[in-house]
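Pasting the sequence and the predicted model now:
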Amino acid sequence: MTADTVNAAPWRRLLFALNALVAWAGLALSFGLTVLGTYPSENTDPTMLGNPEQGVIGRVLDFFTYFTHWSNIIVAVVMTMLAINPTRNSFWFRVVRLDALLMITVTGIIYNAILAANAKNQGLEVLSNFLEHVATPALTFAIWLVAGPRGWINWRTIWAALIIPIVWLVWALARGAVIDAYPYGFLNVAAYGYPTVLLNVLYIIIMAIILCLIFWGLDWVVRKMVPEKETN
């Protein structure tokens, strides 16, 4: 049995499709609520995104400035691609597969450990928030652990996987410098200055690398536990 045959197993495709569906559902609901302005922002801090007086364009730009949405978009796209063609394999696809796992895990950890306590969700926001910050992170990790693909993580993919998060950081900080408002407190240059924010960024990058190494180790363990023909 070849690795392509194993990866194309129907149950794997179903898991990838489920992962994609949950991610798309969270994004669609959240984006719809954002465009419609269904729940006006209660933000009172002018240095944070969510100005309650801005129009639809400002709300949409804010939507695409949150790391949460970047990570969910990457998960949705990558898992859709795997559901369509589970034998897809190239260096850069391995990189974005790791990005999907890494970024959504960071989203889940930071939100639930730091941001959840101050969240003020209401109505359908409760559901969209659950899908994006809890369900998709947990499901993405669990499905990667069960269905892989295996053997895709190494130093090259780890370093390359930092590109998209760094692009997001540059975008968030550059937009913040223009509008003087930032998506998260740990990036709030207006409140804390660049030295503190850049130090926070360094901590996050170190955490990302550590997470990648943990994923690499877990991948190695799973490959050792499962017969060779089951790995990629």
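Perfect, thanks for sending it.

list the helices and strands the helix of greatest length in the chain packs on?
The helix that spans the most residues within the chain, counting by DSSP state H, is helix 189-225. If you count contacts as 3 or more CB pairs under 8 Å, 6 or more residues apart in numbering; DSSP states H and E, helix 189-225 packs onto helix 91-110, helix 136-147, helix 155-161, helix 163-179. No exception for glycine: its C-beta is placed from N, CA and C like everyone else's.

Could you rerun that using 7 Å?
The helices and strands touching helix 189-225, judged by 3 or more CB pairs under 7 Å, 6 or more residues apart in numbering; DSSP states H and E, are helix 91-110, helix 155-161, helix 163-179.

Adding mean pLDDT, distance to residue 27 and mean neighbour count, write these out as JSON lines.
Converted to JSON lines, the helices and strands packed on helix 189-225 look like this (pLDDT from 0 to 100; distance: least, CB to CB, whole Å; neighbours: other CB atoms under 10 Å):
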{"stretch": "helix 91-110", "mean pLDDT": "96", "distance to residue 27": "12", "mean neighbour count": "21"}
{"stretch": "helix 155-161", "mean pLDDT": "97", "distance to residue 27": "21", "mean neighbour count": "16"}
{"stretch": "helix 163-179", "mean pLDDT": "96", "distance to residue 27": "16", "mean neighbour count": "15"}
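
so which of those gets nearest residue 126?
Residue 126 sits nearest to helix 91-110 of all the helices and strands packed on helix 189-225, at 16.6 Å, using CB to CB.

Check the offset of that closest one from the chain's centre.
6 Å (CA atoms, centre = their mean, to the nearest Å).

Quick test: name the residue nearest the centre of the chain.
What sits nearest the mean C-alpha location of the chain, by CA atoms, centre = their mean, is residue 71, with 2.2 Å.

can I assume residue 51 sits in a strand?
No - using DSSP: H, G, I helix; E, B strand; the rest coil, the assignment for residue 51 is coil, not a strand.

Pull the number of nearby residues for it.
Residue 51: 16 surrounding residues under other CB atoms under 10 Å.

now residue 135
Neighbours around residue 135, by other CB under 10 Å: 18.

all numbers from here: first residue = 42
Renumbered: residue one is now 42, and that last one reads residue 176.

what about dumping the CA coordinates of stretch 253-261 to CSV?
C-alpha atoms of stretch 253-261 as CSV (Å, rounded to 0.1, in the frame of the first residue of the first chain):
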residue,chain,number,x,y,z
CYS,A,253,6.5,23.6,15.5
LEU,A,254,9.1,21.5,17.3
ILE,A,255,6.3,20.0,19.4
PHE,A,256,4.4,19.2,16.3
TRP,A,257,7.5,17.7,14.7
GLY,A,258,8.0,15.5,17.8
LEU,A,259,4.4,14.4,17.9
ASP,A,260,4.6,13.6,14.2
TRP,A,261,7.7,11.5,14.8
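
what distance separates that stretch from the middle of the whole chain?
18 Å.

Tell me which residues of it come out buried.
For stretch 253-261, burial by neighbour count (16 or more other CB atoms under 10 Å) applies to 253, 256-257, 260.

any weak-confidence spans in the protein?
Residues of the chain that meet the criterion pLDDT under 70 lie in 42-49, 268-273.
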